[in-house]
Structures are given as structure tokens and as C-alpha cells.
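Asker: Fold the following, please.
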Amino acid sequence: MLRIHFIAIGGSAMHSLALEMKELGHEVSGSDDAIFEPSKSKLEAAGLLPPRMGWFPEKLSAAIDVVVLGMHAKRDNPELKKAQELGLKIQSYPEFIATMTQDKTRVVIAGSHGKTTITSMVLHVLRYHEMNTDYMVGAPVANSTKTLSLSEENDFVLLEGDEYLSSPIDLQPKFLWYQPEIALISGIAWDHVNVFPTFENYSSQFERFILSIQAGGVLVYNEEDEVLKNLVNASQHPIKKIAYQTPKHFITDGTTYLETPEGSLPLKVFGRHNLSNLAGAQWIAQLMGMNSSDFYEAILSFKGASKRLELLIKGSSSFLYKDFAHAPSKVKATATAVKTQFNSKKITVCLELHTYSSLDPEFIKQYNHSLESVEEVIVFYDPEALKIKSRAPIPPQTIREAFAHSSLQVFTQSTELHAMLLEKEYSNEVLVMMSSGNFGGIDWEALQTRFK
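Answerer: Numbers count the residues shown, from 1 in each chain. Predicted coordinates for the structure are as follows:
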């Protein structure tokens, strides 16, 4: 049994790890200065919710085996300083995961986009055929509320590999800790400009990831991404390289069919990016021991990862989708997919600019023509979010010029945005709400009632 203390226990990944460690029989404690739902309720139910918010150095002692430091904490965090003074072992979230899974075959799904969906697809088909694996994924898979599962008995661990920094005192990308035997990269599109100021700097992190794959291991990669293809071809690292591309498919009556040796199979997901994700997932599943027939049988029932182009409601002639997309490449892929799938309907995209990248006046230019495939565009951002990030307000005209869309409205007040969306008539229309935030607290149930 380990005694583990979590600094910033309320984070989405951190609280899941804390819960899993307690379930495995370890002694867990933690602190945070603010904890929100659903983390709060889950920690409380497990008896792990800190009695008071804040940082309490007195919680740290020589009896603690390891301190797990979350990204939300600062370098001058009082508990971190106390842990350093005591000489305690301090690990980032990914370093701790790597330590706990060192005796397993590690499978890591990386890339600027699609990694949650690909990981979820693999998990779905494995579960369908009752093949157990440990895992860590960015969003819950259907029929489960967990994003992390660790055990002593499973041979494989399937990990979503994030290129963001590991912790405030560990500034290397998270995915470099895992050193996988099997890896996948879905594509490279500049993101996280607050820590990777140039595209070259950002893409070099994936070059480092390729070198972190164990010698003799396997890299599955999307050869339709030219930047990634060139990076992989240039690498002299002694690994096997397997390329994949978007498989053959067609759309009939609003359903996408996958062409396979076993016939045309109807899917519940759509869009070229999801078909590409499927091709990558199939290779990973095969490398984990699943044949193609079993994969096809299982993937037919895959409805998508939570919040990834998730259908909230289907009315008589209109649809409401929720999507986690926020980076330009993801926004463009989702918009194009929806328009291709519903080419006879009006497509409206409501995009919240919420991340460090999307609120950067220079980076926002990357959204140029990303939504040209749809008829109406609504862009929302909260000026308060800019204040928190110490950023100057972005003039609406700058946003209009960046997107270069002829029908674009900009909202900076959530009440005005909500009023417009809830008063709007939706007839033969698809509304896609894209954000990694919550649109200033929109009432999703009230919005769904507009789709009849």
C-alpha cells in the first residue's frame, strides 16, 4: 500500500486517479483551492473531498510515499514547497501513471486531434468482445463514467497521449513519459501556443515522441497528414511503421457506410475524420490481438466519445450536436463532416473561443475559412476569461476578419447568446455547439426543447 497525496486533486484527470488509487487499496489524501462538479461529488462520495479548500503544508509528512502534482498548482504552491523541503518523491500525473504501468505493454494514442475518439473506439471494441485492458482516456466511453482504470492483472494499458506539459515543475510533454511499445499519431496541427510558440516547436514534440517509442516497437500513423508523414519518414528510430488512410465509404439517406471485404457496414458515426480515426483504431485493435471481423462487428455500435460530435437531440427535421472541437483543424473537420452528412440542411455552428490558443490575437488567424462549409456562424467568448488569462479583449472585427465568413455573429455576453439561441426557430437545420467550455452556463435542456 502506498500513501499518496494529490496537490490539485480536483482536476478532471487528477480526481479520477485519486479515486482509482483508493479503489486499489492505497491511502489517498489531497488538496485544492477550488473543486467543481462532477469531481466534487465523486470525491465526496469516496470520502476524498478535502474538508476545506486551500493549501495546507501540514498535510505533508515524511510518511507520504509519493506526491502527485497537478497542472493547476503553481510552482510556489505551499504544499509543493513543503514536499520539496521534506525530500518527498514528487511526480507529475503522467510520470505516476508510467510508474504504475511499467510492467505492462503500453499502447499510446497521440496526435493533435482524434486521440480521444480513437482511444474510445479501441476500448469499445475490446469491451464488446470482453477483452480487458487498463486504460486512460480523455472522456468517458458509453456505459461507463470512468476515464481511468488500472489493475494488477491486465497485460495491456491503453493511454491517451497528451502533448501538453506534465506539471508546473516538469515542462516536458506528458506523452514522453509513457515510452510505448505500440503507438499511434493521428495528425499534427499547431495547438497550445502558450507553451509552443511556433509550429516548428510544436511539431518537434511529436518527433521526440517517436523517439520515445521502444526500439522494435510499432508506430501507426495517418499518412494523409503530410507534416506527420514527412516526420515519420525522416525518423531513423528502429521501429516498425504502419501507415493508414481514410477507408472507402459512402453516404446514403443520412447514414455513412464503411466498405469492407465483408460488405457495406452502416456506422453510427460520420465524417472523414471519424473514418480516418476508425482506420487507426482498427490497426491498434489488431496489434492488441483482435481480428478484422471482430472489429467490424463491434464498431457498428460505436456512437462516439462523450462530447465528440455527440447528438443531443433529433427533432422531426433538425438536429442538435455538441462537440468538444476548438482547435482550427478540429473545427474545420467537424463542420465539413456535418455539412457532408446533412448536405440538404442549413448548418449553423456556434463556437466558443475558450482556450489560451483560441483567445490569442495572432493564433486566431489560424481559423481563417475553417467554417466556410457551413451557412451560419456564431462566435462567443467571455471577456472575463480573458481577464483571468491576463489578455486584452479581442475586438469583434478582429474575429470577423480572422474567420472570413460572410455570415458571422459575435457575442461577448452569455445572456444575449442564450436568448438568441433559445428564441431561434430550427427548421431543417443542424446546430453544432463547439467548445471545450460551457458557453457561459447555457441551459442545455431548454435548448433541446427547441428541436421538435
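Asker: where along this protein do the helices fall?
Answerer: For the chain, the helices defined by DSSP state H cover 12-23, 39-45, 78-86, 93-100, 115-128, 199-212, 226-234, 272-287, 292-299, 328-341, 383-388, 396-403, 414-423, 444-448.
Asker: List the buried residues for the third one?
Answerer: Applying a neighbour-count criterion of 16 or more other C-beta atoms under 10 Å, one finds P78, E79, L80, K82, A83 buried in helix 78-86. To be clear about C-beta, it is placed using only N, CA and C from the backbone, and glycine gets the same treatment.
Asker: now the longest one
Answerer: Of the residues in helix 272-287, 272-285, 287 count as buried by neighbour count, 16+ other C-beta under 10 Å.
Asker: Show me which of these is closest to F199.
Answerer: Within the set of the buried residues of helix 272-287, H273 lies nearest F199; the separation is 20.0 Å, counting by C-beta to C-beta.
Asker: so what's the closest residue to that closest one other than its chain neighbours scoring on pLDDT?
Answerer: Nearest-residue entry for H273: A333, 4.1 Å, with adjacent residues in sequence omitted and distances by C-beta to C-beta, 6 or more residues apart in numbering. According to the model's per-residue confidence, A333 sits at a pLDDT of 88.
Asker: tell me the contacts of A333?
Answerer: Taking C-beta atoms under 8 Å, 6 or more residues apart in numbering, we find A333 in contact with H113, G271, R272, H273, A325.
Asker: Now with 7 Å, please.
Answerer: Listed by C-beta atoms under 7 Å, 6 or more residues apart in numbering, the contact partners of A333 are H113, G271, H273.
Asker: before we move on, what about Q397?
Answerer: Counting by C-beta under 7 Å, 6+ apart, Q397 has no contacts.
Asker: Pick the most buried one from the helices of the chain.
Answerer: Each of the helices of the chain was assessed for mean neighbour count using mean count of other C-beta atoms under 10 Å. The highest is helix 115-128, with a mean of 25.
Asker: Give me the mean pLDDT for that helix.
Answerer: Per-region confidence: helix 115-128 scores 95 on mean pLDDT.
Asker: Same check on stretch 67-79?
Answerer: Rounded mean pLDDT across stretch 67-79 is 95.
Asker: which residues of this structure score low on pLDDT?
Answerer: Counting by pLDDT under 70, the chain shows low-confidence ranges at 141-144, 325, 355-357, 385-386, 388-390.
Asker: Name all residues that make contact with the closest residue to K229 other than its chain neighbours.
Answerer: The shortest distance from K229 to any non-neighbouring residue, by C-beta to C-beta, 6+ apart, is to E223 (4.9 Å). By C-beta under 7 Å, 6+ apart, the contact list for E223 reads K229, A243, Y244, Q245.
Asker: Also Y381?
Answerer: Residues in contact with Y381, defined by C-beta under 7 Å, 6+ apart, are E352, L353, L359, I394, T412.
Asker: Any figure for the gap between the residue nearest to S358 when sequence neighbours are not counted and S316?
Answerer: Closest residue to S358 in three dimensions, ignoring its sequence neighbours and counting by C-beta to C-beta, 6+ apart: H326, at 5.7 Å. Relative to S316, H326 is positioned 30 Å away (criterion: C-beta to C-beta, to the nearest Å).
Asker: Next: R272.
Answerer: As for R272, its distance to S316 is 28 Å (criterion: C-beta to C-beta).
Asker: Same check on M290?
Answerer: Taking C-beta to C-beta as the measure, M290 falls 39 Å from S316.
Asker: So between the two, which is more surrounded?
Answerer: Neighbours per residue (other C-beta atoms under 10 Å) separate M290 from S316, with M290 holding more: 19 against 8.
Asker: for the closest residue to the more buried one other than its chain neighbours, what are its contacts?
Answerer: Closest residue to M290 apart from its sequence neighbours, by C-beta to C-beta, 6+ apart: V125 at 6.4 Å. With contacts defined as C-beta under 7 Å, 6+ apart, V125 is in contact with A285, M290, F295, A298, I299.
Asker: right, and out of those, which lies closest to T340?
Answerer: Proximity of the contacts of V125 to T340, judged by C-beta to C-beta, is greatest for I299, which lies at 19.7 Å.
Asker: Let me see the contact set for the closest one.
Answerer: By C-beta under 7 Å, 6+ apart, the contact list for I299 reads M121, V125, L278.
Asker: what do you get for K146?
Answerer: P140.
Asker: And for A215?
Answerer: Applying C-beta under 7 Å, 6+ apart, one finds that A215 lies in contact with P238, I239.
Asker: repeat for M131
Answerer: Neighbours of M131 in contact, by C-beta under 7 Å, 6+ apart: M290.
Asker: For the residue nearest to S358, give its distance to M434.
Answerer: Between H326 and M434 the distance, using C-beta to C-beta, works out to 7 Å.
Asker: okay, the two: which has more neighbours?
Answerer: More neighbours sit around M434 than around the other of H326 and M434, counting by other C-beta under 10 Å; the figures are 24 against 19.
Asker: Mind listing the residues bridging to S149?
Answerer: Beta-bridge partners of S149, counted by DSSP bridges, are Y135.
Asker: what number of residues lie near the residue lying closest to M53 once chain neighbours are set aside?
Answerer: The shortest distance from M53 to any residue other than its chain neighbours is 5.5 Å, reached at D33 (C-beta to C-beta, 6+ apart). As a burial measure, the neighbour count of D33 was computed by other C-beta under 10 Å and equals 14.
Asker: same deal with G11?
Answerer: With neighbours defined by other C-beta under 10 Å, the count for G11 comes to 20.
Asker: Contacts only, for it.
Answerer: Contact partners of G11, counting by C-beta under 7 Å, 6+ apart, are G70, H72.
Asker: mind checking how far it is from V227?
Answerer: In this structure, G11 and V227 are separated by 31 Å, where distance is defined by C-beta to C-beta.
Asker: G441 now?
Answerer: Here G441 is placed at a distance of 37 Å from V227 (C-beta to C-beta).
Asker: before we move on, back to that, for T105, state which of the contacts of A333 is nearest.
Answerer: Minimum separation from T105 among the contacts of A333 (C-beta to C-beta) is found for H113, which lies at 25.3 Å.
Asker: show me what contacts the closest one?
Answerer: Residues in contact with H113 (C-beta under 7 Å, 6+ apart) are S186, G187, A189, A327, S329, K330, A333.
Asker: do the same with L408
Answerer: V377, V379, R400.
Asker: Is the first one bridged to anything, and to what?
Answerer: Put plainly, it is V377. Bridge pairing for V377 - DSSP bridges - gives V349, L408.
Asker: thought it was touching S407?
Answerer: Yes - applying C-beta atoms under 7 Å as the test, V377 and S407 come out as touching, 6.3 Å apart.
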